[in-house]
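here are the coordinates; sequence isn't available:
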């Protein structure tokens with residue numbers, strides 16, 4: 001383990017002996033990656049090589065500050081330390097129970113040669129699957145206040161790779177369809193940005209441990225060169241802070257396969273361990289709720305004759321959840337403030353007062369008596385000051401009612417977040433600047449104080465803080481299922497969910513809200529539909545990871561198709577292990593996951609608008625054990641355009657030597673549950689085969 005940076009810096013300041021020759025380098029534990037640090041005329045740069053071939057060409061580091069000279073030039077290397085870590089830690093919940101953290105570290109103390117002699121610390125961590133690095137600003141009394149005007153961090157790609165990305169600074173936050181272009185065609189993009197080189201190397205550029213800092217976009221500055229673009233405050237300052245402080249980690253994940261990006265846990269490993277202590281109250285699960293009916297315009301969020309959040313309607317969903325073993329029931333639109341133009345008049349939201357037709361005390365009590373939890377809802381409409389003023393009372397209110405999960409929303413467009421500046425004047429802020437990073441973190445910490453889990457919509461992007469705050473369960477942060485209900489472009493195309501696992505989901509879990517069974521609704525939404533087969537809706541529960549998964553459709557639509565619905569009832573949301581069997585970004589993906597504290601495995605496989613046959617070896621199953629595979633697959637005539645409901649449900653006996661042929665219809669998928677076979681199961685299949 002390396003020395004504490006503060007001790008290292010103190011040692012240097014006392015003895016003041018410049019130490020290191022350069023360039024400096026550190027390799028990953030398996031030596032496949034090498035990071036090289038150099039000073040070029042006093043300016044810090046880094047380069048990343050893989051098997052001695054460049055992945056990131058020399059790229060500069062540093063900062064432009066307000067009212068101070070840049071922290072970017074005239075440096076000398078004052079001290080160097082290095083270390084190795086190889087440890088395994090346990091996620092309280094997650095897509096994999098045991099996470100190995102194995103990396104080599106290089107820490108460099110830089111000091112200016114100018115009279116100010118300011119210090120800047122760089123910490124690099126090399127994993128076998130990528131790089132993380134960050135800056136540390138030590139306590140410097142002569143420059144205690146820091147205002148960052150620009151972060152100069154570069155990512156100069158060695159190749160003009162194919163890139164999947166969404167544009168930054170648009171009015172609808174992160175909710176856009178991903179573009180596929182060459183890296184040289186990117187303008188400015190939110191991370192993660194996913195890349196595939198012509199020789200088959202996969203990269204993802206993102207950040208980890210975003211805490212009290214602006215989120216990072218990537219702005220192209222040369223043909224294949226990119227610079228960190230920090231989302232600014234309304235006055236143009238990117239970050240306000242006081243020394244000492246640390247930036248988020250800048251990350252580059254690397255894999256020979258697209259699936260390898262999905263099973264990389266580098267982002268989590270760069271976050272601090274759990275700070276909440278006992279989190280036995282944090283529990284993954286599945287839920288239903290009063291939500292999809294509003295998107296279909298069958299009921300309304302606002303009060304009136306079609307109000308969705310009524311006591312009677314909530315009890316109907318609770319009865320359904322209790323019957324099928326769901327953990328929670330979400331109710332949106334129950335509290336005062338939804339009438340009128342709530343997006344622009346969000347100051348009206350009252351987070352503890354229900355509409356007269358919703359008896360929240362009675363509903364919460366009814367849910368508890370049925371063994372179901374009411375899931376709370378806080379829509380802010382972007383009115384974060386109004387929310388912050390009521391937040392403590394609102395979470396305490398839910399805790400008293402026994403509500404252990406709250407979905408939050410921050411609907412608002414562009415720079416619609418309003419704050420008061422030091423002169424009391426309202427300023428419009430982006431969702432993803434430092435001000436909102438602080439607001440989102442305040443909600444996480446306040447919820448934790450009241451032992452409440454969060455599902456955040458219109459969020460700040462995930463950067464792995466679920467490790468530090470395990471109550472931060474899932475979030476939206478991309479186009480979800482609701483776009484299939486009302487989007488003017490016809491909804492999410494079939495390839496959308498074959499892109500998300502390699503882009504948005506590399507950041508962390510997503511509340512996509514799958515499970516729509518009524519795929520066509522011509523009488524109520526003639527210009528919209530769900531652009532998948534029924535089998536694909538089932539497979540999404542495995543492919544798209546979320547510890548809180550919604551069965552989003554109406555109860556009557558599930559009752560109408562009990563066979564397929566059984567998979568949603570059976571599939572867990574907490575896993576012991578995750579593996580990727582097939583992966584081609586934008587085309588198809590097959591994921592298998594093993595149930596946490598259980599023996600069952602679940603498979604989800606989906607495709608774009610092209611039909612495919614994929615061979616799936618079942619080598620992940622325990623050797624010598626027979627399993628019953630319950631298979632939910634597209635029927636031979638299935639097609640998302642013409643026969644979206646065509647599905648077959650079959651069973652067969654399999655083991656670790658079996659290779660299943662997965663037939664995926666256009667826009668289709670396949671979902672499978674593997675459970676250990678009993679003696680009765682074996683006899684049944686023997687009898688069936690003999691017949």
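That came through, no problem. Just so you know, these numbers come straight off a predicted model, no measurement behind them. Residues are numbered from 1 along each chain as shown.

Span of stretch 29-49 from start to end?
14 Å (C-alpha to C-alpha, to the nearest Å).

Off-centre distance for that stretch?
How far stretch 29-49 lies from its chain's middle: 29 Å, per C-alpha atoms, centre = their mean, to the nearest Å.

and residue 236, what is it in contact with?
Residue 236 sits next to residue 149 when contact means C-beta atoms under 8 Å, 6 or more residues apart in numbering. For every residue, glycine as well, the C-beta is placed using N, CA and C.

how about it, phi and psi?
phi 100, psi -20 (degrees, to the nearest 10).

roughly how far apart are it and residue 433?
Residue 236 sits 11 Å away from residue 433, going by C-beta to C-beta, to the nearest Å.

Same question for residue 232.
In terms of C-beta to C-beta, residue 232 sits 6 Å off from residue 433.

Output the longest helix belonging to the protein.
Counting residues, the longest helix found in the chain (DSSP state H) is helix 384-401.

Quick one: distance of the next helix or strand along the chain from that helix to the chain centre.
The first helix or strand that comes after helix 384-401 along the chain, using DSSP states H and E, is strand 405-409. The chain centroid and the centroid of strand 405-409 are separated by 16 Å under C-alpha atoms, centre = their mean.

who touches strand 405-409?
287, 328, 330, 332, 373, 375-381, 395, 398, 443, 447, 452-458, 473, 511, 548.

Now do the strands in the stretch 51-200 of the chain.
53-60, 63-65, 75-90, 98-112, 119-127, 130-137, 145-151, 154-157, 162-165, 179-182, 188-190, 193-196 (DSSP state E, counting those that start in this stretch).

Turn those strands into CSV, columns for distance to residue 672.
Shown next, in CSV, are the strands of the stretch 51-200 of the chain (distance: least, C-beta to C-beta, whole Å):
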stretch, distance to residue 672
strand 53-60, 37
strand 63-65, 51
strand 75-90, 28
strand 98-112, 24
strand 119-127, 32
strand 130-137, 31
strand 145-151, 46
strand 154-157, 39
strand 162-165, 28
strand 179-182, 29
strand 188-190, 34
strand 193-196, 27
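
Determine which of these approaches residue 491 most closely.
strand 179-182 (17.6 Å; C-beta to C-beta).

Residues contacting the closest one, please?
So strand 179-182 is contacted by 160, 161, 162, 163, 164, 165, 166, 167, 586 (C-beta under 8 Å, 6+ apart).

Which among those count as buried?
Among the contacts of strand 179-182, those classed as buried by 16 or more other C-beta atoms under 10 Å are 161, 162, 163, 164, 165, 166, 586.

List the contacts of the residue positioned nearest the centre of the chain.
Central residue of the chain (C-alpha atoms, centre = their mean): residue 508, 2.7 Å from the mean position. The contact partners of residue 508, by C-beta under 8 Å, 6+ apart, come to 267, 462, 463, 464, 466, 474, 475.

wait, isn't the last one in contact with residue 511?
I take that to be residue 475. Yes: in this structure, residue 475 is within contact of residue 511 by C-beta atoms under 8 Å, at 6.4 Å.

that older thread, so between residue 232 and residue 433, which is more surrounded?
residue 433 (23 against 20; other C-beta atoms under 10 Å).

re the thing from before, please tabulate the strands of the stretch 51-200 of the chain in CSV, including the columns mean pLDDT and distance to residue 606.
Formatted as CSV, the strands of the stretch 51-200 of the chain follow (pLDDT from 0 to 100; distance: least, C-beta to C-beta, whole Å):
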stretch, mean pLDDT, distance to residue 606
strand 53-60, 98, 30
strand 63-65, 98, 43
strand 75-90, 98, 30
strand 98-112, 98, 26
strand 119-127, 98, 29
strand 130-137, 98, 26
strand 145-151, 97, 37
strand 154-157, 98, 29
strand 162-165, 98, 16
strand 179-182, 98, 18
strand 188-190, 98, 24
strand 193-196, 98, 17
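
do you know which of these lies nearest residue 594?
strand 98-112 (11.9 Å).

Buried residues in that closest one, which are they?
Within strand 98-112, judged by 16+ other C-beta under 10 Å, the buried ones are 99, 101-112.

Also stretch 76-92?
76, 77, 78, 79, 80, 81, 91, 92.

Next, report how far it is displaced from the centre of its chain.
25 Å.

do the same with stretch 571-590
15 Å.

Which residue ranges of the protein form helices?
Going by DSSP H, the chain shows helices at 5-15, 258-262, 266-269, 292-295, 311-324, 360-369, 384-401, 434-449, 483-486, 496-499, 534-543, 555-559, 562-570, 679-690.

Mean neighbour count, the ones you listed: which tops it?
helix 534-543 (a mean of 28; mean count of other C-beta atoms under 10 Å).

can you list contacts of it?
497, 501, 512, 514-517, 519, 530, 549, 561, 564, 567-568, 571, 589, 591-593, 602-607, 632-634, 638, 640, 644-647, 665, 667-671.

Just the residues you listed: which are in strands?
549, 589, 591-593, 602-607, 632-634, 647, 669-671 (DSSP state E).

PyMOL command to pick out the buried ones of these?
A single PyMOL command selects the buried members of the ones in strands among the contacts of helix 534-543 (16+ other C-beta under 10 Å):
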select buried, resi 549+589+591+592+593+602+603+604+605+606+607+632+633+634+647+669+670+671
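
Residues that sit against both of residue 232 and residue 433, list them.
residue 214.

picking up where we left off before, ok, so of the buried ones among the contacts of strand 179-182, who is nearest residue 487?
residue 166 (15.4 Å).

From residue 178, how far out is that closest one?
For residue 166, the distance to residue 178 - C-beta to C-beta - is 6 Å.
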